[in-house]
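*Asks:* based on what follows, work out the 3D shape:
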Amino acid sequence: MPVEAKSLAADSTATQHAEEIAGHRDEILDQLSKLLASPHFKHSRHYPALLRHVVEQTLDGQTIKLKERTLGVDVFRRHPDYDTNLDPIVRTCACEIRKRIAHYYEEPGHQGEIRIDLPAGSYHPEFQFLPPAPSPATPAVGPAATVLTLVKRTSRRTPWWVLSATALVPLALAVSAMKLTASHNAVEQFWGPVFASGDSAFIAISHPGPTAPAASSPTVSEVLRNDDVAFADALSMARLAGLIRSQGKRFDIRRPGAMTLTDLRKSPAILIGGFNNPWTLRLQQHLRFYFDREPETHTPLIRDRDNARRVFTKGPDFLPYSNVKEDYAIVSRYVDSLTEKIVVTVAGIGKDGTLAAGEFVTETKYLEMLAARAPADWQRRNLQVIIATEIVSGIPGPPRILDQYFW
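*Replies:* Predicted structure coming up:
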């Protein structure tokens, strides 16, 4: 077929498809309302907005506008020239929408509904309409009935293992849906109190360390040295910033020295780093697990107020780093009595502990482990977790939960 003929045929098919969709507009919008009213969407702000927009634009025949940058501007009010690589909010939200749609249709009672899908790699929604079931009193006729008859005549007795496997399919789907829901909820349950706040969040990164008294006119090297950030803290900050950005929440990154108590009383705070973050040390005074130093050797460690003999340490600071085999961290989420705001600490004794803590609070599989140990209403409680990570050739391994406390 000539190129021109192919193009005309494609245009004709697209027009026919658009007309078919338009004919079901009210049904699609009704299904969209059901989808957005479900628990998978109704507590979110960004996901329903994006899904509703792409569906309505498709029904209006405006699919040419369903591009990442255009959606970022129209739905999320980004600047027309924003960098989609640095701010992937459209891609992130679309990915989450696909998961939530899958969860919805895997639940009992939704299989017979109009299906609204957002195919991977596309922002063009698709709609699937199931044909009406034939009335029991009216025998099916036509080609479909003929096919069924032929299958019945030529089929052999179904082996027992096929029947058993078929019977297990609904159970497998149900278990899969439960796992996906638990996986999704673990992140929301941990970060829900922070994301639910209408305020932007502060991320406080560590101080570069002791410096000489500030001169009246510091040199260039002094300014650069005071601007250093430890790699572990920077990587944890990047993980947290990406997570917060994916939820459409605003955040402000500060040095601890640039944050005041007044700032902390305005917004939730995420404190990265332990001994190198004075706010982590200051706000831990009433917590069960806390950072401390051994009085004589000044060895950094984690203590348990409920058990004075219980101590976690990677060893003294003068120990050769090649001899350090394990590091420890505290992850806390609590309403601080001094600031009356949510505080999240992501802090290790050393750099490896902070790396492990940053991985723990941003990875679904680790938060699932916490959820499995937590009480049913843990998302509304204060919590602390002690984490350990094994160090092999200078590389920290995956975080492991040693203990947790909820109150």
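*Asks:* residues near residue 247, how many?
*Replies:* When neighbours are counted by other CB atoms under 10 Å, residue 247 registers 19. Backbone N, C-alpha and C define where each C-beta goes, glycine included.
*Asks:* who's in contact with the closest residue to it other than its chain neighbours?
*Replies:* With CB to CB, 6 or more residues apart in numbering as the criterion, residue 247 has its nearest non-adjacent residue at 5.1 Å, and that residue is residue 195. Neighbouring residues of residue 195 by CB atoms under 8 Å, 6 or more residues apart in numbering: 188, 244, 247, 249.
*Asks:* which SSE is residue 195 in?
*Replies:* Using DSSP states H and E, residue 195 falls within helix 160-196.
*Asks:* hang on, the earlier thing: which of the contacts of residue 195 lies closest to residue 313?
*Replies:* residue 244 (31.5 Å; CB to CB).
*Asks:* contacts only, for the closest one.
*Replies:* 194, 195, 201, 203, 251.
*Asks:* repeat for residue 388
*Replies:* Neighbours of residue 388 in contact, by CB under 8 Å, 6+ apart: 312, 326, 327, 328, 329, 356, 399, 400, 402.
*Asks:* and if you look at residue 249?
*Replies:* Residue 249 neighbours (CB under 8 Å, 6+ apart): 194, 195, 200, 201.
*Asks:* farthest-apart pair in those, please.
*Replies:* Of all pairs drawn from the contacts of residue 249, the greatest distance, 11.4 Å, lies between 195 and 200 (CB to CB).
*Asks:* and for stretch 31-43, what's in contact with it?
*Replies:* Stretch 31-43 has contacts (CB under 8 Å, 6+ apart) with 47, 48, 51, 52, 55, 100, 101, 103, 104, 113, 114, 116.
*Asks:* residue 268 against residue 204, yeah?
*Replies:* No: using CB atoms under 8 Å, residue 268 makes no contact with residue 204, being 11.2 Å away.
*Asks:* can I take it that residue 384 is in a strand?
*Replies:* Yes: if the criterion is DSSP: H, G, I helix; E, B strand; the rest coil, then residue 384 is within a strand.
*Asks:* and it, how many neighbours?
*Replies:* Every residue meeting other CB under 10 Å relative to residue 384 is counted, giving 21.
*Asks:* does residue 280 touch residue 270 like I think?
*Replies:* No: counting by CB under 8 Å, residue 280 does not reach residue 270; the two are 10.5 Å apart.
*Asks:* overlap in contacts, those two.
*Replies:* Going by CB under 8 Å, 6+ apart, residues that sit against residue 280 and also against residue 270 are residue 345.
*Asks:* quick check, nearest of the contacts of residue 195 to residue 255?
*Replies:* For the contacts of residue 195, the nearest to residue 255 is residue 244 (18.2 Å; CB to CB).
*Asks:* just checking, residue 291 is part of a strand?
*Replies:* Yes: counting by three-state DSSP, residue 291 is located in a strand.
*Asks:* what's opposite it in the beta bridge?
*Replies:* Note on residue 291: beta-bridge partners residue 302, judged by DSSP bridges.
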